[in-house]
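Engineer: Next come a sequence and a model predicted from it.
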Amino acid sequence: MDAGYNESERYKEFLRLLMANQHRIFGFIFALVPDMEAAEDLQQETMLVMWEKYREFKPGTNFAAWGIQIARNKVYQYYHEKNRRKVVSFSDEALDNLIGNMDVFDQTPERIKALQKCLSEISESDRKLLQMRYVNNQTFKQIAQEIQKPLPGLYKHMAKVHYLLQRCVQRTLVAWNVI
Amino acid sequence: MTELEKIRVHELVIRMSDKDISPEEFSELDSLIASSPEAARYYNACMIASIGLHQSGKIIQSAQESIEPILEESLWRHLAESERTAAAVQIEKQQKPFEKAPVDPMPYNLSQRNAAKRLLVFALTSIAALLCMMIYVYTHPRPIKEPVAVLVDQYNARWASNGQEMNPGLQLFNGQPLYLMQGVAKILFDYGAEVVIQGPAEVVLISPEKVSLQHGRLYANVPRKATGFIVETPRSTVIDLGTEFGIKVDVTGAMDIHMFKGKANLVLGPKGRAEDNTILTAQQARRIDAETGEMIPIEVQPNSFIRDFNSQKGLVWRGDNINLADIVGGGNGFGTGQIGYGIDPVTGLFVPFKVPNRPTSAGSGRFVPVHGNPFIDGIFVPDGGAGLVQVSSQGHCFEDCPDTNGLYWIPALNGGQITDWEGGPMVSLLLQDKLYGDAACPAIFLHSNLGITFDLEAIRQMLPAAQITEFRSVCGISQTGPNRVPYADFWVLVDGQLRFEQRGVKAAQLYDITVPIRSNDRFLTLITTDGGEEFCLKDEHGAYAIDSDWALFGTPTLVLEAR
């Protein structure tokens, strides 16, 4: 067995673990940096470091936890570099709780599928607002200006819309025996 | 967690993602999560929803399938405004094969990252190259390829499709570019908008409710349920508000838009750099200059876009109405029939005009099916005195048909020139000094006593995208006929029911006919009868009730509209 073969096997194993845990790792990053573009950059960087340090990973231990640790450092680095730490940075207690509940990210595909179904249960005007926010990437601040509604009221309204969606997702996952 | 706390988590998350959260508010969120694993779990679940909404924006749109759209204009204005300000979408001109990903440049600056630098060197080996590919795929997944439309039909189509078979029924996917080199193709988007593309044209399917027209001609028929359908062009975005419109984009990017029905919001300027927007309504047209972006009004050209076609019958429809005289001449209603030809009422066969050997002939006394043209159900010589007059193959009868002498002179004809006797001068048909019976102004020459029935359903099947809304025509007796005593009755029936009658028509009189056609009406029947013997040529041998009844239906038209 030559070195190239070993490297190839190692790489395949890395990919297998990465695929199995990618939702948890990305979910963790996004939970701390709820900015899609920044979160994707951080995920890239995290994965590169994970590959670089993969020799240090002990087979049989928790790959996701190992990846999250690397991601956590990347997130700290991000806030530090961007001088944003004062603005958004969870306490250790909060982080512990978030990490302790990372398993919910394993349900990402099912939850997104359920979300798709649930979107048909909200009003079209609310769906349009979601479209403006998530498809057109406008902030709610911009949307409030556009539709000439007070921003605080729009936040509260959209919070309720998100809440109703979330409730529907939970209900759907129960019906699908996912949870 | 209470329900109120959950709603509060959502509000704080929304504020955080908007980068509009105060330190106090963030602290509140942090405390909630720190103090409650349930809150932490709920927060994580919120994040998944947020990821889903971000990454799969189209699911927001796809959910619209299940409900009736709201036509509130202000809402669409908001949408229009969002189109104005949205970032430009880069359309992949050519989908690169997936295997080439490792040699594509990474989508971020590798040189800024030491680890990445080392990996870049390592990437020269095949393993790292594959890793590179996988990382690229994980972190910048291509948009999920999802079907957004179906190729419904095509006619004389030649595609530049990279080897892909382009056959009717083919599923088309988001991001898929289509190059139609020639011919015409019909695409049905998943939300219900139907688009006809006329080659040469280049389009990119963006989503079930959005298409990008790079150049060529595109006609869109957007039903109510698909309101909001968007057509992007290099110089504009057209947001449908319940419409039927055509767009032409030339290779310079200049664009013409013609509104045929309803209205649409025209947002000027390239995407992301919009300059203005305007609502266009039916029968308005605008041209947008490629260089200046200036918009000028132009005349609507109703027949400049192919709106539907029937590949099996080799038929294209540009919004024209059906010319029934053409059908009488053996055609399909769009000019393929022969002028001067018609249908013999006894045999049901297509024949050219010819002066008959006898001045009159007796009808068969029955409804004669016409097999030579699917759009004609049959023909007959009406005579109410001989019993019920059958007017369709389905047994519809003309109950009020008057008593006639049961005779006819010549076949029903698609206009042309006619003479009264063998070797006589051929004359055109004339109503109030207007020429009828040629291609420009067609006419059905229906000398009494004759009746002809058209099969509306067969016509509908020819053009599924069109609906017949009414029959329009004029009727009268040609002033070029023999100057004796013309006198005839005109009748129009739908499924055997009388919809128009004009009795006792004399030379030089002209009447307008408008008969609405409903979607479930099956047969349209045109009839002329001799008007009885009271006003007709008479001599010592008797009365000649049909003499000189050069009756005609001028410009007999079935008005078509897109469904």
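Structural biologist: Structure received. Nothing here was measured: the structure is a model prediction, and the numbers come from that model. Residues are numbered from 1 along each chain as shown, chains lettered A, B, ... in the order given.
Engineer: Which pLDDT value goes with residue B:216?
Structural biologist: Residue B:216 carries a pLDDT score of 89 in this model.
Engineer: how far away is it from residue B:248?
Structural biologist: 8 Å (Cβ to Cβ, to the nearest Å). C-beta here means a position set from N, CA and C on the backbone, and glycine is covered the same way.
Engineer: pull the longest helix from the chain.
Structural biologist: In the absence of a named chain, chain A is used. helix A:3-32 (DSSP state H).
Engineer: wrong chain, I was asking about chain B
Structural biologist: Max-length helix for chain B by DSSP H is helix B:37-55.
Engineer: give the contact list for residue B:514.
Structural biologist: B:470-472 (Cβ atoms under 8 Å, 6 or more residues apart in numbering or on different chains).
Engineer: 10 Å - rerun?
Structural biologist: By Cβ atoms under 10 Å, 6 or more residues apart in numbering or on different chains, residue B:514 lies in contact with B:470-473, B:492, B:499-500, B:559.
Engineer: do residue B:477 as well
Structural biologist: B:429, B:431, B:447-448, B:486-488, B:490, B:505-510, B:528, B:548-552 are the contacts of residue B:477 under Cβ under 10 Å, 6+ apart.
Engineer: go on, residue B:342?
Structural biologist: Per Cβ under 10 Å, 6+ apart, neighbours of residue B:342: B:325, B:328-330, B:349-353, B:379, B:410-416, B:444-446, B:450, B:452.
Engineer: Please repeat the previous calculation with a cut-off of 7 Å.
Structural biologist: B:328-329, B:351, B:353, B:411-414 (Cβ atoms under 7 Å, 6 or more residues apart in numbering or on different chains).
Engineer: As a markdown table, these with neighbour count, secondary structure and distance to chain A would be great.
Structural biologist: Supplementary listing: those in a markdown table, determined by neighbours: other Cβ atoms under 10 Å in any protein chain shown; DSSP: H, G, I helix; E, B strand; the rest coil; distance: Cβ to the nearest Cβ, whole Å:
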| residue | neighbour count | secondary structure | distance to chain A |
| --- | --- | --- | --- |
| B:328 | 36 | helix | 50 |
| B:329 | 27 | coil | 51 |
| B:351 | 14 | strand | 60 |
| B:353 | 20 | coil | 61 |
| B:411 | 27 | coil | 58 |
| B:412 | 25 | strand | 54 |
| B:413 | 27 | strand | 56 |
| B:414 | 28 | strand | 52 |
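Engineer: In terms of helices and strands, where is the residue nearest to residue A:21 when sequence neighbours are not counted?
Structural biologist: Take residue A:21 and drop its neighbours on the chain: the residue closest to it by Cβ to Cβ, 6 or more residues apart in numbering or on different chains is residue A:64, 4.1 Å away. Here residue A:64, judged by DSSP states H and E, is contained in helix A:63-81.
Engineer: what does that helix rub up against?
Structural biologist: Residues contacting helix A:63-81 (Cβ under 7 Å, 6+ apart): A:17, A:21, A:24-25, A:28-29, A:32-33, A:38, A:42, A:45-46, A:49-50, A:57, A:85, A:89, A:99, A:102.
Engineer: Just the mean pLDDT for it, thanks.
Structural biologist: Rounded mean pLDDT across helix A:63-81 is 84.
Engineer: Tell me where chain A has helices.
Structural biologist: Using DSSP H, helices in chain A cover A:3-32, A:36-52, A:63-81, A:92-100, A:108-118, A:124-130, A:140-147, A:151-175.
Engineer: Same list (these) but as JSON lines, adding mean neighbour count and distance to residue B:345.
Structural biologist: As requested, those are exported to JSON lines (neighbours: other Cβ atoms under 10 Å in any protein chain shown; distance: least, Cβ to Cβ, whole Å):
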{"stretch": "helix A:3-32", "mean neighbour count": "18", "distance to residue B:345": "77"}
{"stretch": "helix A:36-52", "mean neighbour count": "21", "distance to residue B:345": "75"}
{"stretch": "helix A:63-81", "mean neighbour count": "18", "distance to residue B:345": "86"}
{"stretch": "helix A:92-100", "mean neighbour count": "18", "distance to residue B:345": "88"}
{"stretch": "helix A:108-118", "mean neighbour count": "20", "distance to residue B:345": "62"}
{"stretch": "helix A:124-130", "mean neighbour count": "20", "distance to residue B:345": "58"}
{"stretch": "helix A:140-147", "mean neighbour count": "18", "distance to residue B:345": "67"}
{"stretch": "helix A:151-175", "mean neighbour count": "17", "distance to residue B:345": "68"}
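Engineer: Go through the ones you listed and find the least confident stretch.
Structural biologist: Across those, the lowest-scoring stretch is helix A:3-32, with a mean of 78.
Engineer: Tell me the helices and strands packed up against that one.
Structural biologist: In terms of contacts (3 or more Cβ pairs under 7 Å, 6 or more residues apart in numbering or on different chains; DSSP states H and E), helix A:3-32 is packed against helix A:36-52, helix A:63-81, helix B:37-55, helix B:126-139.
Engineer: Distance from it to the middle of the chain?
Structural biologist: In terms of Cα atoms, centre = their mean, to the nearest Å, the centre of helix A:3-32 is found 16 Å from the chain centre.
Engineer: How about the stretch 451-563 of chain B: which residue is closest to chain A?
Structural biologist: residue B:563 (23.8 Å; Cβ to the nearest Cβ).
Engineer: Spatially, which residue comes closest to that residue, not counting chain neighbours?
Structural biologist: In this structure, residue B:563 finds its nearest non-sequential neighbour in residue B:467, 5.0 Å apart by Cβ to Cβ, 6+ apart.
Engineer: I'd assumed residue B:519 was in contact with that neighbour.
Structural biologist: Yes: if you go by Cβ atoms under 7 Å, residue B:467 and residue B:519 touch, sitting 6.3 Å apart.
Engineer: which residues does the nearest residue in space to residue A:160 that is not next to it in sequence contact?
Structural biologist: Nearest residue to residue A:160 in three dimensions, chain neighbours excluded: residue B:7, at 5.9 Å (Cβ to Cβ, 6+ apart). By Cβ under 7 Å, 6+ apart, the residues touching residue B:7 are A:159-160, A:163.
Engineer: would a markdown table of those residues with distance to residue B:167 be doable?
Structural biologist: Below are these laid out as a markdown table (distance: Cβ to Cβ, whole Å):
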| residue | distance to residue B:167 |
| --- | --- |
| A:159 | 49 |
| A:160 | 48 |
| A:163 | 47 |
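Engineer: How much space separates the nearest residue to residue A:45 once chain neighbours are set aside from chain B?
Structural biologist: Leaving aside its chain neighbours, residue A:45 sits nearest to residue A:74 (5.4 Å; criterion: Cβ to Cβ, 6+ apart). Relative to chain B, residue A:74 is positioned 11 Å away (Cβ to the nearest Cβ, to the nearest Å).
Engineer: what number of residues lie near the closest residue to residue B:199 other than its chain neighbours?
Structural biologist: Excluding the flanking residues, the one nearest residue B:199 by Cβ to Cβ, 6+ apart is residue B:180, at 3.8 Å. Number of residues near residue B:180 (other Cβ atoms under 10 Å in any protein chain shown) recorded here: 23.
Engineer: Now residue B:180: phi and psi?
Structural biologist: With angles defined as degrees, to the nearest 10, residue B:180 sits at phi -100, psi 110.
Engineer: Quick one: classify residue B:439 as helix, strand or coil.
Structural biologist: Three-state assignment for residue B:439 (DSSP: H, G, I helix; E, B strand; the rest coil): coil.
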